[in-house]
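[1] okay, structure incoming, though there's no sequence with it:
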């Protein structure tokens, strides 16, 4: 007797691709891995980078977050919490119906997005939509590990699971 999960894992039946969009904000090494692995996981991928001199790669590109791609299927991951555009980018993201919005950053550092959004007059209830920290706590350090941790956290969240080794 086989199970659906086993059949999917063995490639007996194809996995549902579903409608999922992964938006990586800011062209960083972590963003490149997020978008690369995200495509492998069935996401449509978009790179948002306001500074066009930093853009490379082959992903769909945008200079700001907008509802044409940041819809109810979208998971938005801001990959640099030090950029001066942080507040404006997050405000634009909060103006979309995106399913999930998060900012990378250590729990040991001040969450700069809160001050940036407050300065722009964003309501505290809207600011609370922004998640930080993001990803699973696996001790990741390298950009690829951070991307894997983040994507695993997004998959767990989509599936209503806590992540980690709790089943």
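    Cool, got the structure. All values derive from a computational prediction rather than experimental measurement. Numbers count the residues shown, from 1 in each chain.

[2] for the spatially most central residue of the chain, helix, strand, or coil?
    The chain has residue 77 as the residue nearest its centroid, 2.8 Å off, counting by Cα atoms, centre = their mean. Counting by DSSP: H, G, I helix; E, B strand; the rest coil, the backbone at residue 77 sits in strand.

[3] all strands of the chain, in order?
    Under the criterion DSSP state E, strands of the chain are mapped to 21-25, 44-48, 60-62, 74-78, 100-103, 130-131.

[4] can I get these in CSV with mean pLDDT and distance to residue 109?
    (Glycine included, C-beta is placed from N, CA and C.) Conversion of these to CSV gives the following (pLDDT from 0 to 100; distance: least, Cβ to Cβ, whole Å):
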stretch, mean pLDDT, distance to residue 109
strand 21-25, 96, 18
strand 44-48, 93, 22
strand 60-62, 79, 27
strand 74-78, 97, 14
strand 100-103, 96, 11
strand 130-131, 94, 15
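
[5] okay, these in CSV with distance to residue 148 next?
    Formatted as CSV, the entries for the strands of the chain read as follows, by distance: least, Cβ to Cβ, whole Å:
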stretch, distance to residue 148
strand 21-25, 13
strand 44-48, 15
strand 60-62, 22
strand 74-78, 13
strand 100-103, 15
strand 130-131, 17
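
[6] what about stretch 32-52, distance to the chain center?
    Stretch 32-52 sits 9 Å away from the centroid of its parent chain (Cα atoms, centre = their mean, to the nearest Å).

[7] now do the same end-to-end measure for stretch 99-112.
    End-to-end distance for stretch 99-112: 22 Å, by Cα to Cα, to the nearest Å.

[8] who touches that stretch?
    Around stretch 99-112, the neighbours that count as contacts under Cβ atoms under 8 Å, 6 or more residues apart in numbering are 30, 72-82, 86, 90, 93-94, 113, 129-135, 146, 150, 154, 157.
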